[in-house]
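next input, structure requested:
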Amino acid sequence: MNNLQFSQPTTYLIGKYLGNYRLVKRLGQGGFATVYLGEHRYLGTRAAVKVLNSQLAYYELGRFMREARITAHLSHKHIIRVLDFGIEDDIPFLVIEYAPYHTLLDLHPKGYRLPLATVVFYAAQIADALQYIHDKGIIHQDVKPENMLLGKEQCVLLSDFGISITAHKARARGRREVVGTLPYMAPEQLDGQPCLASDQYALAVVVYEWLTGRLPFEGSIGAIVNGHLYYAPPSLRNFVPTLPLGVERVVLKALAKTPEERFGSVREFAEALEQAYRQPTTQPSQSQVKRSKRRKQRSHLRGASGLLGASLVIGPALGLILRAFGLELEVLQALLVLFFIAFPLVVAFIRRNGVAFLCASIVIAISTLCGLISHLASVFFWVYAIASFLIIPVALHLGIRDEQPYGC
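Purely as a prediction, here's the structure:
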């Protein structure tokens, strides 16, 4: 069995039995194994049958058997179940639970962005599975969308424990052979020193990819390795400006270069991600701040024009009423001047509208100066009215424009 040399094409097994399972069709193939849809000889139930590829060395057989042993001892709702393992006609095969909707990579191809709610939903399930194996001291080492299967009722299942290792063995052996999938590998994993937090980093890479439609580090092998080891990933909000700032902070923390800088556990990462999703905090952009300032300025100007306009309506009305009571014209003019001066200033002061107070003061100052120079109250009224009517249309125009939705 040390010489696995069965070299027929993988399709030759379709229709044949391995153990109690007849291979119905091929579901997928990788460099390590081929997966078939199998149907039980007697029960008629379906399962996925993973068959070791031909022309593989004894190391791959050991990896295959290790995956079977590790997974067989795991019992969790978000981890694929092992149903059987066997070697028939020198062909090793592993029978696992069948996920009818295949992998999350099949469902969401690379380059597509997922809604934040969907990402949080998936991440919570995978984190639950990872926390379960971490509590048992197992490091998965190959967390990626291809190893996440979608089962019934949108249940995500973690699979492929072929390169998993126990944490104490990883520590005892020091630097190990580097294994994993490069775009998802943590810096310490690239250095041959994986730990439990390496899986948290890989899940954060997956979350980053789902949210932005791209990996944190892309390009040549060297560029990806250097990115993981030495460079901070690009801001997620560069690609998704509407993403809550809290969500970005959580993901970037899980992508920290050292395990100590990340969350204390993968469960904490998932909980922080969900909390940031439930209570988003967004940081306004520079353009949004500028629009907000302009909006406030327009609001102040509308307030000033409203005060001046109100005084032009209320003042003459009061004047007519007082004149009807036989008030002398000179006294009436003096009272109206005082009203036009006091009314807008007092109201603006009470409302703490500094801009309105300033605008009203300027109009009053100009009007008063013209009245003093001419020694006529009527000149004050005319200047006051003209200056007010010059401000009011401008303010109304700005007010109409201000009602337009931002960003249009």
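
residue 150 and residue 117: what is the separation?
To residue 117, residue 150 is 16 Å away according to Cβ to Cβ, to the nearest Å. Placement of C-beta: from N, CA and C, glycine included.

quick one: which of those two has more around it?
residue 150 (20 against 9; other Cβ atoms under 10 Å).

gap between the closest residue to the more buried one other than its chain neighbours and residue 361?
The shortest distance from residue 150 to any residue other than its chain neighbours is 3.9 Å, reached at residue 101 (Cβ to Cβ, 6 or more residues apart in numbering). Distance from residue 101 to residue 361, counting by Cβ to Cβ: 71 Å.

three-state assignment of the residue nearest to the spatial centre of the chain?
Centroid-nearest residue in the chain, with Cα atoms, centre = their mean: residue 243, separated by 4.6 Å. Secondary structure assignment for residue 243 (DSSP: H, G, I helix; E, B strand; the rest coil): coil.

by mean pLDDT, flag the weakest helix or strand of this structure.
Every helix and strand of the chain was ranked by mean pLDDT, DSSP states H and E. The lowest is helix 167-172, at a mean of 57.

same question for whichever helix or strand comes after that helix, mean pLDDT?
The C-terminal neighbour of helix 167-172 among helices and strands, as given by DSSP states H and E, is helix 187-190. Mean per-residue pLDDT for helix 187-190: 95.

could you do stretch 156-163 as well?
86.

endpoint to endpoint, that stretch covers what distance?
With Cα to Cα, to the nearest Å as the measure, stretch 156-163 spans 20 Å from end to end.

how far off centre is it?
25 Å (Cα atoms, centre = their mean, to the nearest Å).

strands of this structure, start to end?
17-18, 21-29, 33-40, 46-52, 82-88, 91-96, 138-139, 148-150, 156-158, 165-166 (DSSP state E).

which of those strands sits closest to residue 226?
With Cβ to Cβ as the measure, strand 138-139 is the member of the strands of the chain nearest residue 226 (23.6 Å).

which residues are in contact with that closest one?
70, 133, 161, 164-167, 170, 194-196, 198-199 (Cβ atoms under 8 Å, 6 or more residues apart in numbering).

at 10 Å what do you get?
Strand 138-139 has contacts (Cβ atoms under 10 Å, 6 or more residues apart in numbering) with 70, 73-74, 130, 132-133, 161, 163-167, 169-170, 189, 194-199.

follow-up on the earlier one: ok now do the residue nearest to the centre of the chain, which residues does it touch?
116, 211, 212, 235, 236, 237, 251, 276, 280, 282.

among those residues, which lie within helices?
If you go by DSSP state H, those have 116, 211, 212, 251, 276 in helices.

among those residues, who's most crowded?
Highest neighbour count within these, by other Cβ under 10 Å: residue 251, with 26 neighbours.

tally of neighbours for residue 180?
19.

that one contacts residue 160, doesn't it?
No - judged on Cβ atoms under 10 Å, residue 180 makes no contact with residue 160 at a distance of 11.2 Å.

and for these two, which residues touch both?
140, 141, 142, 143, 144.

want to throw the residues you listed into TSV with distance to residue 385, neighbour count and pLDDT?
Formatted as TSV, the shared contacts of residue 180 and residue 160 follow (distance: Cβ to Cβ, whole Å; neighbours: other Cβ atoms under 10 Å; pLDDT from 0 to 100):
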residue	distance to residue 385	neighbour count	pLDDT
140	79	30	92
141	81	24	91
142	80	22	92
143	75	30	96
144	74	21	96
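
export the residues you listed to JSON lines and tack on distance to residue 204?
Below are those laid out as JSON lines (distance: Cβ to Cβ, whole Å):
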{"residue": "140", "distance to residue 204": "14"}
{"residue": "141", "distance to residue 204": "15"}
{"residue": "142", "distance to residue 204": "15"}
{"residue": "143", "distance to residue 204": "10"}
{"residue": "144", "distance to residue 204": "12"}
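
out of the residues you listed, which comes closest to residue 156?
Closest to residue 156, out of all of the shared contacts of residue 180 and residue 160 and judged by Cβ to Cβ, is residue 143, at 11.9 Å.

and the gap between the closest one and residue 94?
For residue 143, the distance to residue 94 - Cβ to Cβ - is 20 Å.

what's the answer for residue 225, then?
Counting by Cβ to Cβ - residue 225 and residue 94 are separated by 32 Å.

neighbour count for those two, which is higher?
Per other Cβ under 10 Å, whichever of residue 225 and residue 94 has more neighbours is residue 94, with 25 against 16.

okay, now the domains of this protein?
10-96, 104-278, 286-402 (automatic domain parsing).

what sits closest to residue 92 if chain neighbours are left out?
Distances taken as Cβ to Cβ, 6+ apart put residue 52 closest to residue 92, at 4.5 Å, once the chain neighbours are dropped.
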